[in-house]
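Visitor: pasting the sequence and the predicted coordinates here, then a few questions.
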Amino acid sequence: MFTNLHKHIELIESNKDTILTTWMEYEVVKKKLSLNTIEIDFFQEKFAAKVFDFSISIVKKENELGNYPVIGVMLMLFKKKNIPLSDIYMICVHFENSLLHFAYKNSILNNKVIKAITNLTDYNLEGVIKEYVAIYYKDIREEPVSKPKASKKKISTPATKSLKQTTSSHTSAIEYFKDVVIERDIVDELDELENDTINAIDSQLELDQNSLYESANLFEQYAKVLNMMYEFDELAYTLTLLKELLNNVDLNNLSNDTKHMVNIYLKAIINDLHAWRMSIFIHQDAQDIHYLDKTLLSSIAQIRITLSPSETTDDDEVEFF
C-alpha cells in the first residue's frame, strides 16, 4: 500500500522536525490547541512526534496501520479536557496536510504519493475518531433520560451499577457510600491478587512474561469490580487500556533498562491502587473518590511512552494537567 511512499522514507524521516513544525504552525491547529489549553510544544513533543514516528514505522512495515500506541493516552487527555471531536479532527487532519506540503516542496508529490499519504493518515484518523467516540460519548449513551434519586443498592454482579454522583465536583468516600453498598468480599479478593502480582514481580531480576500476565490479570479484575459502580467507569476503562497494553508487550524487543523502568511503574501503580482501595472501600477516609484518576493516567502514560517505538530517556517526565 505504501510502496511509493517508502521510496522517499529516508528523506521524510530526516526532515521530521520540518514536517512537525509545519503541522504545528497551521493557524487552525494553534487555535484549537490554545482554545483547549494545550501547549503547542508539549503536544509536539509528547504526541505529534510519536504519531510521526509510528507513521514511519507503518510505511516500513514495522507496525500495523491504525494502531498508534500513544493514541490511548492522547485521547484520555482530550477527554479529560472535554475537547470536541471536531477540534480533534482539525488538529489531526493537518498532519496529512503537512506531509503533502513537504512532498510538494521537495518535488516528490505525484498521484501515487498523494494516495499513499492520504491512505496512511486517513485510516489512522478514522481509528482516532472511532476510539474517541467510544470513550467520550460512553457516558452520554449510558446516561438515562431522567435520573431517579440514588438509593442504596447491594452490588453483587457486574451488571449492577450505582448512579453517578453529580451534585459536587468532589465526592468523599463517606458521602458516596451513603447511597451505595458493596459486598466487602468482592473488594477483599483484590488484596490477594495484589500480593501475588507484587511477589511475581519481585521474584525476578527483570520484567518477565509471568509478571506481565499477573499484572494484566490484576488490572482486569480491578476493572471488573469498578465497572460494577458507574462512578468509577472511567478508572475501569483506564485500567483496561493498561491491561491491553501489557498483553501486547514483546519482551524480546525491550532493553534491560526499559524492563527495569516498567517494573518500577507497575509496582507504583499497584501500590497506588492498594492505597486507593483501602482509602475508598475499607477506611472510607478519602475526601475525593477520584483522587487517583490523574496519578494513574500519568503512570500509564509513562509506561506507554517507555514502550513506544521512539526512544525516550529514563528521566522523561509527563504531566498532563
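Guide: That came in fine, so what should we check first?

Visitor: report the helix or strand with the lowest average pLDDT across the chain.
Guide: Here the helix or strand of the chain ranked lowest by mean pLDDT, DSSP states H and E is strand 154-155, holding a mean of 40.

Visitor: which residues outside whatever helix or strand comes next after it are in contact with it?
Guide: As assigned by DSSP states H and E, the chain's next helix or strand after strand 154-155 is helix 173-176. Applying CB atoms under 8 Å, 6 or more residues apart in numbering, the contact partners of helix 173-176 are Gln165, Ser168, Glu231, Ser279, Ile280, Phe281, His283, Gln284, Asp285, Ala286, Gln287, Ile289. Quick note: C-beta positions are derived from backbone N, CA and C, even for glycine.

Visitor: which members of those are the farthest-apart pair?
Guide: Within the contacts of helix 173-176, two members stand farthest from each other by CB to CB: Ser168 and His283, at 20.4 Å.

Visitor: mind listing what's buried in the helix or strand Tyr123 falls within?
Guide: For Tyr123, the host element (DSSP H and E) is helix 111-136. For helix 111-136, burial by neighbour count (16 or more other CB atoms under 10 Å) applies to 113-114, 116-117, 120-121, 124-125, 128, 131-132, 135-136.

Visitor: for the record, mean pLDDT for that helix?
Guide: The average of the pLDDT scores along helix 111-136 is 81.

Visitor: so which other helices or strands are in contact with it?
Guide: Secondary-structure packing of helix 111-136 (3 or more CB pairs under 8 Å, 6 or more residues apart in numbering; DSSP states H and E): helix 3-6, helix 49-59, helix 71-80, helix 85-105.

Visitor: and the angle for that helix with helix 85-105?
Guide: Between helix 111-136 and helix 85-105, the angle comes out at 160 degrees (axes from the mean of the first three to the mean of the last three CA atoms, to 10 degrees).

Visitor: now helix 111-136 and helix 49-59, what's the angle there?
Guide: Using the same axes, to 10 degrees: helix 111-136 against helix 49-59 is 130 degrees.

Visitor: helix 111-136: how far from the chain's middle?
Guide: 18 Å (CA atoms, centre = their mean, to the nearest Å).

Visitor: just want the angle from that helix to helix 71-80.
Guide: Using the same axes, to 10 degrees, helix 111-136 lies at 50 degrees relative to helix 71-80.

Visitor: quick check: which of the helices and strands packed on helix 111-136 is nearest to Asn195?
Guide: So among the helices and strands packed on helix 111-136, helix 71-80 is nearest, using CB to CB, at 28.2 Å.

Visitor: show me what that closest one is packed up against.
Guide: Helix 71-80 is packed against helix 111-136, helix 233-247, helix 293-307, with contacts defined by 3+ CB pairs under 8 Å, 6+ apart.

Visitor: neighbouring contacts of that helix?
Guide: 36, 38, 47, 88, 127-128, 131-132, 135-136, 238, 241, 245, 297, 300-301, 304-305, 320-321.

Visitor: can you select the buried ones from those in PyMOL?
Guide: A single PyMOL command selects the buried members of these (16+ other CB under 10 Å):
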select buried, resi 36+38+47+88+128+131+132+135+136+238+241+245+297+300+301+304+305+320
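
Visitor: just the helices in the stretch 201-321 of the chain please.
Guide: For the stretch 201-321 of the chain, applying DSSP state H, counting those that start in this stretch gives helices covering 209-226, 233-247, 256-277, 293-307.

Visitor: I'd like those helices as TSV, with mean pLDDT and distance to Ser203 appended.
Guide: Output for the helices of the stretch 201-321 of the chain, formatted as TSV (pLDDT from 0 to 100; distance: least, CB to CB, whole Å):
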stretch	mean pLDDT	distance to Ser203
helix 209-226	89	8
helix 233-247	83	17
helix 256-277	86	11
helix 293-307	74	20
